[in-house]
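Engineer: the following block contains a protein sequence and its predicted model.
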Amino acid sequence: MEVASASSLSAPVPSSSASDPKLHLLKEIRSYEIAIGELSNLPASRNVYQKNGNLFFRTTIQKATSSEQNQLNSAKAQLQKLNSP
């Protein structure tokens with residue numbers, strides 16, 4: 001098994017997501033879609049923790065799914081604004 005040396009990893013890699021807000025939004029949208037999918041596969045009686053700022057709060061799956069869906073809709077609206085001339 002080969003391990004990459006530190007010298008081969010020292011070349012700067014341009015951050016495309018920092019310079020391209022569309023790419024960043026697409027990654028956020030995909031993240032929200034995955035979170036909604038994972039929440040939908042949990043049993044209804046289970047409590048989950050949702051991050052709000054720097055803190056995690058215990059909540060129900062329905063509330064967490066609703067919050068993720070709202071964030072997804074917001075991100076899609078922002079992407080649509082970027083795509084419209």
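Structural biologist: Done, it's in. Residues are numbered from 1 along each chain as shown.
Engineer: all strands for the protein, in order.
Structural biologist: Ranges of strands in the chain, per DSSP state E, are 47-52, 55-60.
Engineer: would you format these as JSON lines with distance to I34, mean neighbour count and mean pLDDT included?
Structural biologist: All C-beta atoms are positioned from the backbone trio N, CA, C, and that covers glycine. Output for the strands of the chain, formatted as JSON lines (distance: least, CB to CB, whole Å; neighbours: other CB atoms under 10 Å; pLDDT from 0 to 100):
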{"stretch": "strand 47-52", "distance to I34": "14", "mean neighbour count": "12", "mean pLDDT": "92"}
{"stretch": "strand 55-60", "distance to I34": "18", "mean neighbour count": "12", "mean pLDDT": "95"}
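Engineer: let's see the pLDDT reported for the residue nearest the centre of the chain.
Structural biologist: What sits nearest the mean C-alpha location of the chain, by CA atoms, centre = their mean, is S31, with 3.2 Å. Predicted confidence (pLDDT) at S31: the value is 95.
Engineer: swap in A44?
Structural biologist: 86.
Engineer: lowest-pLDDT helix or strand in this structure?
Structural biologist: helix 16-19 (a mean of 55; mean pLDDT, DSSP states H and E).
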